[in-house]
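K.L.:
Predicted model follows, preceded by the sequence.
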Amino acid sequence: MNEALKTIITRRSIRKYVDQPISEDQVQWMLRAAMNAPSAGNEQPWEFLVITNRDKLKKVPEFHPYSKMLPGAALAILVVADPSKVKYEEELRQLWIQDCSAATQNILLAAHSLGLGAVWLAVYPDSLRLKGIRELFNIPEEMVPFSIVSLGYPVGTKLAEDHYDETRIHREVW
């Protein structure tokens, strides 16, 4: 198995981290990976907010019930959509959701390849999470907070599980 496939198959959501900073070089590689994700029409409708402020990371669990690991993270990357960059007609205006999903996944894969642990925390479309993130990080109303990736050096290792399931594969017709 080549390194790219190994990274994809062995990546796991990691929620416990040791107290060790992440280098700026590693942050740049994760952001570079995110910005190289595919996007509809190559519109790249994303922006990123790197968060290291411990006080702010501690406040997120007040409105996001699945983010209790953030206070122990070295940092977080908030993926924010800019819907104004979408040029498509109305029925395709929501393609930014797929684009930001691909960017988020690339951050997770880059983190794993760098020896970091990470977990994807959904923000969009939950109205309470959207409101809390907007207020806490001063996100403009026209932007859409999409996801937060919690990052740090993992405590221990989490064994890989291959989720391949032949029963979910259909060929030619359902």
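P.N.:
That came through, no problem.
K.L.:
Show me where this structure dips below the pLDDT cut-off.
P.N.:
Applying pLDDT under 70 to the chain picks out residues 90.
K.L.:
what do you get if the cut-off is 80, keeping everything else the same?
P.N.:
1, 88-93 (pLDDT under 80).
K.L.:
just checking, what's the longest strand in it?
P.N.:
strand 144-152 (DSSP state E).
K.L.:
same for that strand, what does it pack against?
P.N.:
If you count contacts as 3 or more CB pairs under 8 Å, 6 or more residues apart in numbering; DSSP states H and E, strand 144-152 packs onto strand 75-81, helix 96-113, strand 117-122, helix 127-137. Backbone N, C-alpha and C define where each C-beta goes, glycine included.
K.L.:
contacting residues around residue 8?
P.N.:
Counting by CB atoms under 8 Å, 6 or more residues apart in numbering, residue 8 touches residue 109.
K.L.:
same thing but at 10 Å, please
P.N.:
1, 105, 108, 109, 112, 113 (CB atoms under 10 Å, 6 or more residues apart in numbering).
K.L.:
Repeat that for residue 9.
P.N.:
1, 160, 161, 162, 163, 164.
K.L.:
Please produce TSV containing those, extended by neighbour count and secondary structure.
P.N.:
Converted to TSV, these look like this (neighbours: other CB atoms under 10 Å; DSSP: H, G, I helix; E, B strand; the rest coil):
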residue	neighbour count	secondary structure
1	9	coil
160	11	coil
161	9	coil
162	7	coil
163	7	coil
164	8	coil
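K.L.:
Closest to residue 93 out of these?
P.N.:
Among the contacts of residue 9, residue 163 lies closest to residue 93 (CB to CB), at 31.9 Å.
K.L.:
What distance do you get for that closest one to residue 33?
P.N.:
22 Å (CB to CB, to the nearest Å).
K.L.:
Quick one: the contacts of residue 9 as TSV, columns for distance to residue 85 too.
P.N.:
Shown next, in TSV, are the contacts of residue 9 (distance: CB to CB, whole Å):
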residue	distance to residue 85
1	36
160	36
161	37
162	37
163	33
164	35
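K.L.:
Of those residues, which is the nearest to residue 39?
P.N.:
Closest to residue 39 out of the contacts of residue 9 is residue 163 (25.7 Å), distances taken as CB to CB.
K.L.:
contacting residues for the nearest residue to residue 76 once chain neighbours are set aside?
P.N.:
Once flanking residues are discounted, residue 76 sits nearest to residue 51: 4.5 Å by CB to CB, 6 or more residues apart in numbering. Residues near residue 51 by CB under 10 Å, 6+ apart: 57, 60, 70, 73, 75-78, 136-137, 148, 150-151.
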